[in-house]
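Chemist: sequence-free structure coming up:
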């Protein structure tokens, strides 16, 4: 599932990313793993932009897909995930 999410971000698939993130959360994936998958997709897109394979429109589309996926995971974090304060910031409560 995580590779599909990172692939969707890399392709700029704005329409399916929210459903993919919600399905992964419903299947029990942790929001941290989903964030790592989203970041992997945006990093791959940045690498392809750096090498000249992607141009600015593809980069912007991937950024929008990343933001949509992040918004979906944030909504679920507000509902049920608890955070605890640690010395250097916030951490997931296990």
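Modeler: That came through fine. These figures come from a predicted structure and were not determined experimentally.

Chemist: quick one: pLDDT of the residue sitting nearest the centre point of the chain?
Modeler: Compute the mean C-alpha point of the chain, and by C-alpha atoms, centre = their mean the closest residue is residue 38, 2.7 Å away. At residue 38, the pLDDT value in this model is 93.

Chemist: surely it and residue 7 touch.
Modeler: No: Residue 38 lies out of contact with residue 7 (C-beta atoms under 8 Å); the separation is 11.2 Å. Quick note: C-beta positions are derived from backbone N, CA and C, even for glycine.

Chemist: hang on, the earlier thing: any idea how far the residue nearest to the residue nearest to the centre of the chain when sequence neighbours are not counted lies from residue 52?
Modeler: Spatial nearest neighbour of residue 38, chain neighbours left out: residue 69 (4.9 Å); criterion: C-beta to C-beta, 6 or more residues apart in numbering. When distance is defined by C-beta to C-beta, to the nearest Å, residue 69 is 26 Å away from residue 52.

Chemist: neighbour count: the two, which is higher?
Modeler: residue 69 (29 against 7; other C-beta atoms under 10 Å).

Chemist: got phi/psi on residue 55?
Modeler: Backbone torsions for residue 55, taken as degrees, to the nearest 10, come to phi -120, psi -180.

Chemist: which element is the nearest residue to it once chain neighbours are set aside on?
Modeler: Among residues not flanking residue 55 along the chain, residue 49 sits closest, at 7.4 Å (C-beta to C-beta, 6+ apart). Taking DSSP states H and E as the criterion, residue 49 maps to helix 31-51.

Chemist: touching that helix from outside, list them.
Modeler: For helix 31-51, the surrounding residues in contact (C-beta atoms under 8 Å, 6 or more residues apart in numbering) are 1-3, 5-10, 12, 21, 24-25, 54-56, 58-59, 62-63, 65-66, 69-70, 73, 76-77, 81, 92.

Chemist: sorry, back to before: SS state for the residue nearest to residue 38?
Modeler: With DSSP: H, G, I helix; E, B strand; the rest coil as the basis, residue 69 sits in helix.

Chemist: which element is residue 10 on?
Modeler: Using DSSP H and E, residue 10 sits within helix 2-11.
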